[in-house]
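> no sequence for this one, just the structure:
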């Protein structure tokens, strides 16, 4: 089993945080996505969607997408501590929150970054090199969607240490990626969202997120 990743990328950092939280050590190889190494062989054939990270299993199978990689590792090899939930109810609840965070903020902010940063001028869609133009409207929409999410979750976080309650989960790893992306985009989180900021502070202190 071998992990192919780019440790500076947000999704690579999500898997790294998961591995650190569960104290997992697996063989890994850095792929220089800045130079387009993921489009070259053997990586192109291994992962034609050209997104990082991806995991090659001992039978040659490839699993891509950061949460899918983490879920496989937990369910197949490293069940404890559980970050995806132990009961059907816990699993559904954590999956619900993780989906909300990804769809309502992390993904829009990712598109905002790709439409704001000059480096992404020919790669506004992950895993591509094309002539789709950057759009300032998408940058603004990303900020607006993140603010809407923060407004929705701020009351929820008043009585919850983590997004799913008192237990740290994969959804908190997604939440931390949202905060990191906001910082990279210089999007300030309003003081109106004090509970969101408290959650951010709690995550920032967690060992798995240090030295990213």
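Thanks, I have the structure now. Given the structure is predicted, the values throughout are model-derived calculations rather than measurements. Residues are numbered from 1 along each chain as shown.
> which helix or strand contains the spatially most distant residue from the centre of the chain?
The centre of the chain is farthest from one residue, residue 59, which by C-alpha atoms, centre = their mean lies 26.4 Å away. Element membership for residue 59, per DSSP states H and E: none, as it lies in no helix or strand.
> for the longest helix anywhere in the chain, buried residues please.
The residue-count maximum for a helix in the chain (DSSP state H) belongs to helix 136-153. Neighbour-count burial for helix 136-153, counted by 16 or more other C-beta atoms under 10 Å, picks out 138, 139, 142, 143, 145, 146, 147, 149, 150, 153. The way it works is simple: take the backbone N, C-alpha and C, and place the C-beta from them, glycine included.
> and stretch 188-195, by the same measure?
For stretch 188-195, a neighbour-count test (16+ other C-beta under 10 Å) marks 189, 193, 195 as buried.
> now stretch 85-101
Buried residues in stretch 85-101 (16+ other C-beta under 10 Å): 85, 90, 93, 94, 95, 97, 98, 100, 101.
> okay, the third one: pLDDT?
Looking back up the chat, that one is residue 93. Looking at residue 93, its pLDDT reads 98.
> in the chain, what spans have low per-residue confidence?
Within the chain, the stretches with pLDDT under 70 are 212.
> residue 29 falls within a strand, correct?
Yes: Residue 29: assigned to a strand according to DSSP: H, G, I helix; E, B strand; the rest coil.
> what pairs with it across the strands?
With beta bridges defined as DSSP bridges, residue 29 has these partners: residue 4.
> which residues touch it?
Taking C-beta atoms under 8 Å, 6 or more residues apart in numbering, we find residue 29 in contact with 2, 3, 4, 5.
> quick one, domains of this protein?
2-77, 88-209 (automatic domain parsing).
> who does the longest helix of the chain touch, helix- and strand-wise?
On a contact count with 3 or more C-beta pairs under 8 Å, 6 or more residues apart in numbering; DSSP states H and E, helix 136-153 meets helix 107-116, helix 170-185, helix 194-204.
> what angle separates it from helix 194-204?
Angle, helix 136-153 to helix 194-204, by axes from the mean of the first three to the mean of the last three C-alpha atoms, to 10 degrees: 100 degrees.
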